[in-house]
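Chemist: sequence-free structure coming up:
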């Protein structure tokens, strides 16, 4: 494995950092407190090219390779002080867009990918249901075949960008006798009769990324809105989730680097008992652990991207990365609070927000426990 970067890649990373620092850090505290999603920041990211990084140029994207893409998303997390916006961007980039790109017809790709890349529409990925979180294939949403298409009935819940999304990639049972092989995918557009979206759900963190439900009541979708072959839902979901769990934490790796820099700077400046607090082993040990987590998380993420870049299997490494990176961000966020003391606990200094934002990572894109199950099974246990 060669993780050295070209001058062009490093220059692009620096360009992304400068963009994020200059354009994405206004009203962060206020937006978090209000649970406000900024369309202006979303469109700024789209105009810069963030949403189209991993999409071929013929469909309106930048055509970047996977290693350059995750380096850019890491840089975005470093430069952007909030986690909600990068999370929403990553969610669309690693689930909605890959599903359409890999399984859509040429007509579907030409119709949906360019406006997604331009930020004109927002996509959501509808698989989770109230009683089928980790047990995704036990979903109750149905798509009954009728003349010219399907009628969808059901509800998807805890879906990122659902309340504000313009289209949704949705999974439903088309043949209950086939089990997981009887699930199909569909693209459903806003304005389709029988398709509703819930209000925004309040949550602990990532408040500037909206979450809600997708509701289908006798919702007719044409055959042309089916994504892939009938029954291909499991393959589509597996491919999208493998991509999402591999890279959705790229921006949080960047955030961990900024956390570490700020913790080191504070530990050098803050004095107690006549010396900088960083001289106390209890403080310096926490900072060392933050450095260790950053480096191991970054290397594991790069390895996953390298495996994809070289067209090698990556299911094991993707699950390991998701499990490890989600834990690292939570643990380092807690250490950052402790290094800053009371200043880390109160909201005005914007340290505690990372911990609130980080906890969700233990749950979304497959819980930590599910990743452990996947890893154990791949090891033959």
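Modeler: Received, thanks. As the structure is a prediction and not an experimental result, all values here were calculated from the model. Residues are numbered from 1 along each chain as shown.
Chemist: could you use CA atoms for every contact and neighbour count after this?
Modeler: Will do.
Chemist: the strands in the stretch 151-300 of the chain, which residues?
Modeler: 167-173, 183-189, 195-197, 211-222, 226-227, 271-272, 275-276 (DSSP state E, counting those that start in this stretch).
Chemist: swap that for the stretch 1-150 of the chain, please
Modeler: Counting by DSSP E, counting those that start in this stretch, the strands of the stretch 1-150 of the chain are 123-126, 142-146, 149-160.
Chemist: Throw those into TSV and include mean pLDDT, thanks.
Modeler: Rendered in TSV, the data for the strands of the stretch 1-150 of the chain read as follows (pLDDT from 0 to 100):
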stretch	mean pLDDT
strand 123-126	96
strand 142-146	97
strand 149-160	97
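Chemist: nearest to residue 359, out of those?
Modeler: strand 149-160 (14.9 Å; CA to CA).
Chemist: mind listing what residue 38 touches?
Modeler: Applying CA atoms under 8 Å, 6 or more residues apart in numbering to residue 38 gives the contacts 31, 208.
Chemist: if you set the cut-off to 6 Å instead, what comes out?
Modeler: Residue 38 makes no contacts at all, as judged by CA atoms under 6 Å, 6 or more residues apart in numbering.
Chemist: figure out which of the strands of the stretch 151-300 of the chain is closest to residue 86.
Modeler: Nearest to residue 86, of the strands of the stretch 151-300 of the chain and by CA to CA, is strand 211-222 at 14.2 Å.
Chemist: tell me the angle that closest one makes with strand 183-189.
Modeler: Relative orientation of strand 211-222 versus strand 183-189 (axes from the mean of the first three to the mean of the last three CA atoms, to 10 degrees): 100 degrees.
Chemist: just checking: what are the partner strands of strand 211-222?
Modeler: strand 149-160 (antiparallel), strand 195-197 (antiparallel) (DSSP bridges).
Chemist: pipe the strands of the stretch 151-300 of the chain into TSV and attach mean neighbour count per row.
Modeler: Output for the strands of the stretch 151-300 of the chain, formatted as TSV (neighbours: other CA atoms under 10 Å):
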stretch	mean neighbour count
strand 167-173	25
strand 183-189	25
strand 195-197	19
strand 211-222	21
strand 226-227	24
strand 271-272	12
strand 275-276	13
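Chemist: out of the strands paired with strand 211-222, nearest to residue 299?
Modeler: When the strands paired with strand 211-222 are compared (using CA to CA), the closest one is strand 149-160, at 27.4 Å.
Chemist: how about residues contacting that closest one?
Modeler: By CA under 6 Å, 6+ apart, the list of residues contacting strand 149-160 reads 126, 128-130, 141-144, 211-223.
Chemist: follow-up on the earlier one: can you lay out the strands of the stretch 151-300 of the chain as a markdown table showing mean pLDDT and distance to residue 370?
Modeler: Shown next, in a markdown table, are those (pLDDT from 0 to 100; distance: least, CA to CA, whole Å):
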| stretch | mean pLDDT | distance to residue 370 |
| --- | --- | --- |
| strand 167-173 | 96 | 20 |
| strand 183-189 | 97 | 21 |
| strand 195-197 | 97 | 28 |
| strand 211-222 | 98 | 22 |
| strand 226-227 | 96 | 26 |
| strand 271-272 | 94 | 44 |
| strand 275-276 | 96 | 43 |
